[in-house]
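[1] Predicted coordinates and the sequence they were generated for:
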Amino acid sequence: MAKDLVDMQTFTAEAGKVYYFEARFGMIGGNGGGVVTFGLAPLNENEGKYRVKAWKLATWKTNK
């Protein structure tokens, strides 16, 4: 079932704090009948900062 192919995370955001997540996409099957999967996992602060700095595709957004 498709709902089994999606990870979900619950957290309470606090003002002034930074949160880092890793998103993973995949495909099971193919030939027009594949199912897209999506995963979301929290990263600790050190890993998150490293990935944002090291990876050109990493992005950040400030909410004002």
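    Yep, that arrived. These numbers were taken from a predicted model, which means no experiment stands behind them.
[2] what pairs with Met27 across the strands?
    Judged by DSSP bridges, the bridge partners of Met27 are Val36.
[3] Quick check: it vs Tyr20, distance?
    Met27 is 25 Å from Tyr20, where distance means Cβ to Cβ, to the nearest Å. (Glycine included, C-beta is placed from N, CA and C.)
[4] more neighbours, the two?
    Between Met27 and Tyr20, Tyr20 has the larger neighbour count (other Cβ atoms under 10 Å), namely 18 against 9.
[5] And the pLDDT for the more buried one?
    Predicted confidence (pLDDT) for Tyr20: 91.
[6] In contact with it, which residues?
    By Cβ atoms under 8 Å, 6 or more residues apart in numbering, the contact set of Tyr20 is Pro42, Leu43, Asn44, Glu45, Glu47, Gly48, Lys49, Arg51, Val52.
[7] now that we have those, which one has the most neighbours?
    Ranking the contacts of Tyr20 using other Cβ under 10 Å puts Gly48 first, with 18 neighbours.
[8] quick one: secondary structure of it?
    At Gly48, secondary structure determined by DSSP: H, G, I helix; E, B strand; the rest coil is helix.
[9] Equivalent analysis for the one 5 residues further on, please.
    Three-state secondary structure (criterion: three-state DSSP) places Lys53 in helix.
[10] residues near it, how many?
    8.
[11] Give me the distance between it and Asn46.
    Lys53 is 11 Å from Asn46, by Cβ to Cβ.
[12] Same question for Gly34.
    Applying Cβ to Cβ, the value for Gly34 to Asn46 is 35 Å.
[13] As a markdown table, the contacts of Tyr20 with distance to Ala13 and pLDDT would be great.
    Output for the contacts of Tyr20, formatted as a markdown table (distance: Cβ to Cβ, whole Å; pLDDT from 0 to 100):
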| residue | distance to Ala13 | pLDDT |
| --- | --- | --- |
| Pro42 | 12 | 89 |
| Leu43 | 15 | 93 |
| Asn44 | 16 | 94 |
| Glu45 | 14 | 94 |
| Glu47 | 19 | 94 |
| Gly48 | 14 | 91 |
| Lys49 | 18 | 90 |
| Arg51 | 19 | 86 |
| Val52 | 18 | 84 |
